[in-house]
Structure formats: structure tokens, C-alpha cells
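Asks: take this sequence and fold it.
(one chain, ligands or ions: 1)
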Amino acid sequence: MNRLSVQATVREGAVQENCTLGSWTEVGPWNMLENVTLGDYSYTGPWCIVQNAEIARFANIAAAVRIGPTRHPMDRPTLHHFTYRRVLYGFAETDDDAFFDWRREQVARIGNDTWIGHGAIIMPGVTVGDGAVIGAGAVVTRDIAPYTVAAGVPARPLHPRFPAAIAAALLRIAWWAWDHQTLRARLEDFSLPVEEFIARHDHPGDAP
Ligand SMILES: CC(C)(COP(=O)(O)OP(=O)(O)OC[C@H]1O[C@@H](n2cnc3c(N)ncnc32)[C@H](O)[C@@H]1OP(=O)(O)O)[C@@H](O)C(=O)NCCC(=O)NCCS
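Replies: Numbering: from 1, shown residues only. From the prediction side, this is the model:
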């Protein structure tokens, strides 16, 4: 299929549990998604694992990205998951629900118009700001500010994606909130130099 639709496209072998998939979204082949909101137009490449995450609109998530790798309890006598996956081992009739609730609360947030590079890992509870870029192979352990290019293990800012005034204008415009017809009508504007895009759209009274 070479055209997406208002209904999410879920590729071969992808499994999802408790997910909300927006319009024009694409879940790549062999993904595993659990407790995920995937905003409109966002997509994942092949072999991604995403847990306990809120992904905004127009996020570009490359192959083999992991978002929200969950923690084992390091303060218990054992790290092994039998202490919370009790049913699996026939140790109890119920699992340790409080532990699973705690894990679900560590929500990773991926902003609008982000690009997460190949094989990057975004740790639980971390926020990647709007317009930010995460380099291939990064391990993101702290929040990344909007319109920042970050990479490495642990990820550190490399440089701003745009000068501060341009980033601020793009955040004001928040073009990612435009509806499908508006995006279609303004498609050519996205190929303009960013300064011209801002001159055209960053002014009071601009129709959303
Ligand atoms: C992060 C990235 C966007 C940076 O691009 P850039 O802004 O053009 O940066 P540069 O290539 O000029 O590199 C700047 C510095 O960061 C380092 N760097 C670049 N990418 C890096 C990465 N992924 N991890 C660690 N360091 C990285 C470079 O070695 C360079 O260091 P130096 O100044 O000491 O020589 C790019 O390198 C990247 O990782 N892209 C992701 C590609 C990808 O995963 N595509 C998947 C298909 S969508």
C-alpha cells in the first residue's frame, strides 16, 4: 500500500495493546506497542518497541527505536520478574499490579515534528521537545529541549536545529495543528526557506 489513510495503517507482524492510533499514522512491521498514543501523521519504522508513550503529531521514528524500556526493581532481593509476573510462574493467582501501575506512570513524551534516529533509546519519563532531532544510537536519559539536535550515550545537545528566534516562531505557528485540508493547501510553503515560511505564517490573525 503506497497511500495511508485517516485510519491507521498497521504493518505485518506489528502487535499493539491499549494503543490509540491517530489519522494518517503508520505502525511499522514487527513493532510492539503497549500503552501508546500515536498522534496524527506520526509513524514508526520496522522493529520498534514502544511502551508507555505519548507521541504527538508528525513524529518520524526510524527503525529499531525503543521508547520507554521498562525498569526492573533494583531494590528488591532479586531483579527477576517472577516477583511481579507471579501468575506466569504459578507463584500466585494475581500479578503485582501496583508495580505495573508504577511502570505505566513513567510516560515518555515525543513532541511534534520530531525525528528519532535509528536504534535510539528514549528512556521512560523523558520528554523530547517539539522539533527536536535525536541521533542514531542515542540513549536519551534527560529531557531534550524543542528544536535541539541531540546525540550520544547519554544523549547531549549537539547544536540547535534553528536559531532561537526561528525556533520560537515555529513553536508559535505550531503548524502541526493545521488540519489536513490546510496542510494540503499550504504544501508548497513547507518547501520554502524557513524564514519565508515564518514570514508567511507567523502573524496575528493568521487563520489556523
Ligand atoms: C544527529 C544527526 C542528525 C546530526 O547531524 P548533523 O547535525 O549534521 O551533525 P554532524 O554530522 O555535523 O555531526 C556533529 C557532531 O556530532 C557527532 N554525531 C553526529 N551524529 C551522531 C550520533 N548519532 N551519535 C553520536 N555522535 C554523533 C559527529 O561525530 C560530530 O562530532 P564532532 O563535531 O566531534 O566531529 C545525524 O548524525 C544522525 O544521527 N541522523 C540520524 C540518521 C538516521 O538514523 N536515519 C534513520 C532513517 S530516518
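
Asks: ok, now how distant is G39 from the ligand?
Replies: In this structure, G39 and the ligand are 18 Å apart, going by C-beta to the nearest ligand atom, to the nearest Å. Bear in mind the C-beta positions are built from the backbone N, C-alpha and C, glycine included.

Asks: I should have written G13 there, sorry.
Replies: Distance of G13 to the ligand, given as C-beta to the nearest ligand atom: 20 Å.

Asks: pretty sure that residue is touching W30, no?
Replies: Yes. With contacts counted by C-beta atoms under 8 Å, G13 reaches W30, the gap being 4.3 Å.

Asks: those two: which is more packed in?
Replies: W30 (16 against 12; other C-beta atoms under 10 Å).

Asks: is it true that the more buried one lies in a strand?
Replies: No. W30 sits outside any strand when classified using DSSP: H, G, I helix; E, B strand; the rest coil, being coil.

Asks: which ones are touching it?
Replies: Applying C-beta atoms under 8 Å, 6 or more residues apart in numbering, we find W30 in contact with 11-14, 46-47.

Asks: including secondary structure and distance to I116, could those go into TSV?
Replies: Rendered in TSV, the data for the contacts of W30 read as follows (DSSP: H, G, I helix; E, B strand; the rest coil; distance: C-beta to C-beta, whole Å):
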residue	secondary structure	distance to I116
R11	coil	18
E12	coil	22
G13	coil	20
A14	coil	17
P46	coil	14
W47	coil	13
